[in-house]
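[1] Structure of the sequence below:
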Amino acid sequence: MKAEKINIEGIIVFTPDVFSDKRGYFFESFNASQFEELTGLNISFVQDNESFSRFGVLRGLHFQIPPFEQGKLIRVIHGKVLDVAVDIREDSNTFGQYFCIELSDENKKQVFIPSGFAHGFVTLSETAIFSYKCTNFYHKGSESGIRYDDQKLNIDWKIDKNKIILSEKDLLLPDFGNHKKFYSK
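    Numbers count the residues shown, from 1 in each chain. Take a look at the predicted model:
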């Protein structure tokens with residue numbers, strides 16, 4: 001497993017060692033001691049989530065407010081998505097900046113997004129199965145988010161806006177400048 005830190009502090013991209021032969025492939029998708037060794041973080045993941053989405057489904061940009069904030073280790077089991085994380089830590093040097101990456105069943109990359117980020121993804125393939133580990137339990141009363149099409153963030157979702165499919169809840173999310181500030185670095 002290789003770990004790559006990117007220009008936004010806290011986000012780490014993992015590329016697994018994949019062993020392939022005529023039978024198929026094998027790779028270790030998570031190993032707690034290796035994760036700690038590569039990141040220096042001693043994190044407990046307490047909940048695994050999985051979603052199935054069709055082409056154009058955009059989920060996000062979501063986060064939970066403290067004390068129920070969540071770090072996430074994300075991967076795609078089937079298909080391809082554009083994954084996006086927005087830094088919402090007020091005192092961060094990269095506050096308001098975002099990171100995006102294509103995750104797929106082909107590249108098998110994973111991304112660790114610590115708490116203090118709004119997160120979302122859009123399905124780029126016909127279908128996708130999206131899986132992630134969380135550092136905290138889901139808490140309905142702590143749900144929050146930012147509109148996917150916020151003009152200040154100006155995220156390029158790599159898909160025609162007319163083909164994006166959103167939930168009613170995501171259509172009602174506030175713009176980046178209008179959400180409450182909850183995070184410190």
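[2] Pull stretch 153-167 out as CSV, backbone CA atoms only.
    Taking only C-alpha atoms (Å, rounded to 0.1, in the frame of the first residue of the first chain), the coordinates of stretch 153-167 have been written out as CSV:
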residue,chain,number,x,y,z
LEU,A,153,-16.4,26.8,-4.6
ASN,A,154,-17.0,26.5,-8.4
ILE,A,155,-16.5,22.7,-8.4
ASP,A,156,-16.2,21.0,-11.8
TRP,A,157,-18.2,17.8,-11.3
LYS,A,158,-17.1,16.5,-14.8
ILE,A,159,-20.7,16.0,-15.9
ASP,A,160,-23.3,18.1,-17.6
LYS,A,161,-25.3,19.9,-14.9
ASN,A,162,-28.6,18.9,-16.7
LYS,A,163,-27.7,15.2,-16.1
ILE,A,164,-27.1,15.6,-12.3
ILE,A,165,-29.7,13.8,-10.1
LEU,A,166,-30.0,15.2,-6.6
SER,A,167,-32.1,14.3,-3.5
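[3] Contacts for that stretch next, please.
    54-59, 82, 84, 86, 96, 98, 100, 122, 124, 146, 148-149, 176 (Cβ atoms under 8 Å, 6 or more residues apart in numbering). (C-beta placed from N, C-alpha, C; glycine too.)
[4] Now intersect those with the strands, please.
    54, 58-59, 82, 84, 86, 98, 100, 122 (DSSP state E).
[5] Now tabulate those in JSON lines and tack on neighbour count, pLDDT and distance to residue 12.
    What follows is those, written out as JSON lines (neighbours: other Cβ atoms under 10 Å; pLDDT from 0 to 100; distance: Cβ to Cβ, whole Å):
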{"residue": "54", "neighbour count": "12", "pLDDT": "98", "distance to residue 12": "29"}
{"residue": "58", "neighbour count": "24", "pLDDT": "98", "distance to residue 12": "24"}
{"residue": "59", "neighbour count": "21", "pLDDT": "98", "distance to residue 12": "21"}
{"residue": "82", "neighbour count": "19", "pLDDT": "98", "distance to residue 12": "18"}
{"residue": "84", "neighbour count": "24", "pLDDT": "98", "distance to residue 12": "16"}
{"residue": "86", "neighbour count": "26", "pLDDT": "97", "distance to residue 12": "16"}
{"residue": "98", "neighbour count": "21", "pLDDT": "97", "distance to residue 12": "16"}
{"residue": "100", "neighbour count": "17", "pLDDT": "97", "distance to residue 12": "15"}
{"residue": "122", "neighbour count": "26", "pLDDT": "98", "distance to residue 12": "22"}
